[in-house]
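Peer 1: Next input, structure requested:
(chains A, B, C and D)
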There are 2 protein chains.
Amino acid sequence: MTQSAPSRLGDLQLKIMKRLWEKGESTVAEVHQALSQEKAHAYTTIATMLRKMEERGLVSHHVEGRTFVYRAAVREGAVSRRMAGDMLDRLFEGSLADMVSHLLTSREVSRDELTRLEHLIAERKKKK
Amino acid sequence: MTQSAPSRLGDLQLKIMKRLWEKGESTVAEVHQALSQEKAHAYTTIATMLRKMEERGLVSHHVEGRTFVYRAAVREGAVSRRMAGDMLDRLFEGSLADMVSHLLTSREVSRDELTRLEHLIAERKKKK
DNA sequence: GGATTAATACTACCCAGGTAGTTTGGTCAA
DNA sequence: TTGACCAAACTACCTGGGTAGTATTAATCC
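Peer 2: The predicted model follows:
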């Protein structure tokens, strides 16, 4: 888990990472199985993608018998933060308030979410 | 401005769009000039990119003398919302609170921003 | 009129994400 | 021991973003 988090991941890559983060480890077959619930992929597509991702340092593998067992090589939090931060900078010049403002006008946000947000902000303000 | 906003734009494309949103209209030379402050691009790179973007419906042009004058064909707000919303769904399953939580832990946020955020949330809560 | 200039058009790459077929090699059961 | 099966390896292709060189064309300046 030393690899620094990338600021961009493709759709498929992100889905694969999510599976690995959730399960800790997975074989190609398991990842393929899991993702195929949502959309069909060829087995080899997943295998190829995992190989490419390993080259990029996103995942690593060890061998069990003759099957590869993959695990994430970057932490979920780090990736989320990098990607979200990147977007924040690219689109809103780093202004969190601008981003939230845009998202609030275009999306349904439950009362519950709003309350959670209030608490987050209040909490953060206290620490300053 | 009928074109529906795309959920992904490359770096260069976004920078070009920002220039067009800001100025309303620009020639290739003007866009090239503006972007070259930050990083050098060949003139033809900008011209090619604009042509590709027109194919995709992101911009349109009219001719003045023999130079093309480009303008945005999608609204800034629509693009920001689409892109930010896409990211929100991809990374945080749509939970705004999760996203803000992550961003608050990893970034400097001024007291001022926090206050703006508070107001945004409060405002939104009232309207529910 | 011919040379220069400045604009677009055309063409060609590279790279990464995504997709998947084909090949190879090991394992296991009949 | 041979054939079926399964896993990885290899190869190839498409797409879109990014990059830029070369060709063409039209105006304008001497």
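Peer 1: Please make it C-alpha for all contacts and neighbour counts, starting now.
Peer 2: Noted.
Peer 1: before we move on, could you check phi and psi at residue A:60?
Peer 2: The phi/psi pair for residue A:60 (degrees, to the nearest 10) reads phi -140, psi 170.
Peer 1: I'd like the distance between it and DNA strand D.
Peer 2: 12 Å (Cα to the nearest atom of the strand, to the nearest Å).
Peer 1: Tell me, how many residues neighbour residue A:77?
Peer 2: Using other Cα atoms under 10 Å in any protein chain shown, residue A:77 has 12 neighbouring residues.
Peer 1: in what helix or strand does it lie?
Peer 2: Here residue A:77 sits within helix A:76-92, counting by DSSP states H and E.
Peer 1: And the helices in chain A, which stretches?
Peer 2: Assigned by DSSP state H, the helices in chain A fall at A:11-23, A:28-36, A:43-55, A:76-92, A:96-106, A:111-126.
Peer 1: Make a markdown table from those and add distance to residue B:27 and mean pLDDT to it.
Peer 2: A markdown table is the format used below for those (distance: least, Cα to Cα, whole Å; pLDDT from 0 to 100):
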| stretch | distance to residue B:27 | mean pLDDT |
| --- | --- | --- |
| helix A:11-23 | 35 | 98 |
| helix A:28-36 | 46 | 97 |
| helix A:43-55 | 40 | 97 |
| helix A:76-92 | 23 | 96 |
| helix A:96-106 | 29 | 94 |
| helix A:111-126 | 43 | 93 |
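Peer 1: closest one to residue B:11 among those helices?
Peer 2: Nearest to residue B:11 among those is helix A:76-92; the distance by Cα to Cα comes to 7.9 Å.
Peer 1: Around DNA strand C, pick out the residues from chain A.
Peer 2: Within chain A, the positions adjacent to DNA strand C are A:8-13, A:40-42, A:44-46, A:48-49, A:52-53, A:65-66 by Cα under 7 Å from any atom of the strand.
Peer 1: Can I get the buried part of these as one ChimeraX selection?
Peer 2: In ChimeraX, this line selects whichever of the residues of chain A next to DNA strand C come out buried by 16 or more other Cα atoms under 10 Å in any protein chain shown:
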select /A:13,46,53
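Peer 1: filter the residues of chain A next to DNA strand C down to the ones near chain B?
Peer 2: Residues shared between the residues of chain A next to DNA strand C and the neighbourhood of chain B are residue A:11 [Cα under 8 Å from any Cα of the partner chain].
Peer 1: hmm, back to that, could I get the helices of chain A as a markdown table with distance to residue B:97?
Peer 2: Listed next are the helices of chain A as a markdown table, based on distance: least, Cα to Cα, whole Å:
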| stretch | distance to residue B:97 |
| --- | --- |
| helix A:11-23 | 19 |
| helix A:28-36 | 26 |
| helix A:43-55 | 29 |
| helix A:76-92 | 13 |
| helix A:96-106 | 10 |
| helix A:111-126 | 5 |
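Peer 1: okay if I get those as JSON lines plus distance to DNA strand D?
Peer 2: Formatted as JSON lines, the helices of chain A follow (distance: least, Cα to the nearest atom of the strand, whole Å):
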{"stretch": "helix A:11-23", "distance to DNA strand D": "13"}
{"stretch": "helix A:28-36", "distance to DNA strand D": "5"}
{"stretch": "helix A:43-55", "distance to DNA strand D": "6"}
{"stretch": "helix A:76-92", "distance to DNA strand D": "11"}
{"stretch": "helix A:96-106", "distance to DNA strand D": "21"}
{"stretch": "helix A:111-126", "distance to DNA strand D": "33"}
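Peer 1: Understood, closing this out.
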